[in-house]
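> I'd like to go over a predicted model; first the sequence, then the structure.
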Amino acid sequence: MVPIVIDTNVFVAGLRSGGGASRQVLRGALEGRYRPLFSNALWLEYEDVLARPVWSEETSPEDRVQVLAALAAAGRWVKIYYGWRPNLRDPGDDYLIELAVAGDARAVVTHNIRDLRHGELRWPAFAILTPAECLEKFP
């Protein structure tokens with residue numbers, strides 16, 4: 001299993017559409033191709049987004065809770081002991097990089113490529129990928 005960090009925007013996109021790369025990444029995590037990594041900050045954001053009015057008719061509230069529970073069962077909880085502060089454009093995204101470093105992730109999968117790829121610190125051990133790039137790199 002490839003350890004990855006799934007950004008909230010990929011989680012939402014995967015549940016809002018009937019197909020597409022974000023849905024395939026979620027499916028890959030549930031099928032055991034990817035091992036999603038979680039931290040307190042990311043998990044709280046997942047839970048918060050479930051209550052927002054951003055959802056389509058593609059999934060019901062019950063479906064979304066079930067997918068989140070299944071992701072929890074497929075994933076690994078990571079304790080973050082050190083804050084790297086990679087100086088991203090949006091400091092609110094730093095926790096994604098910290099989770100990737102602490103969890104030895106191979107990738108952070110996000111639609112927010114522009115902001116996450118331009119931090120001052122670099123980590124060659126993992127990539128910042130769109131969902132389509134993730135599917136291509138880790139089929």
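The structure has been received and is ready for your questions. If you're wondering where the values come from, they're calculated on a predicted model, not measured in any experiment.
> what's the following helix or strand after the longest helix belonging to the chain?
In the chain, assigned by DSSP state H, the helix with the most residues is helix 61-74. Secondary structure here is assigned by DSSP states H and E; on that basis, the next helix or strand after helix 61-74 toward the C-terminus is strand 76-77.
> I'd guessed Leu129 sits against Val108; true?
Yes. If you go by C-beta atoms under 8 Å, Leu129 and Val108 touch, sitting 7.2 Å apart. Every residue, glycine included, has its C-beta placed from N, CA and C.
> among these two, which residue is more densely surrounded?
Remark: of Leu129 and Val108, Val108 carries more neighbours, 26 against 23, as counted by other C-beta atoms under 10 Å.
> mind giving me the packing neighbours of the helix or strand the more buried one falls within?
Assigning secondary structure by DSSP H and E places Val108 in strand 107-109. With contacts defined as 3 or more C-beta pairs under 8 Å, 6 or more residues apart in numbering; DSSP states H and E, the secondary structure elements packing on strand 107-109 are strand 2-6, helix 94-102, strand 127-129, helix 131-137.
> at 6 Å instead, please
strand 2-6, strand 127-129, helix 131-137 (3 or more C-beta pairs under 6 Å, 6 or more residues apart in numbering; DSSP states H and E).
> list the strands paired with the shortest one, with their directions.
Note on strand 127-129: by DSSP bridges, its sheet partners are strand 107-109 (parallel).
> so what's the gap between the lowest-mean-pLDDT helix or strand in the chain and the chain middle?
Least confident helix or strand, the chain: helix 113-116 with a mean of 77, by mean pLDDT, DSSP states H and E. Taking C-alpha atoms, centre = their mean, to the nearest Å, the mean C-alpha location of helix 113-116 is offset from the chain mean by 14 Å.
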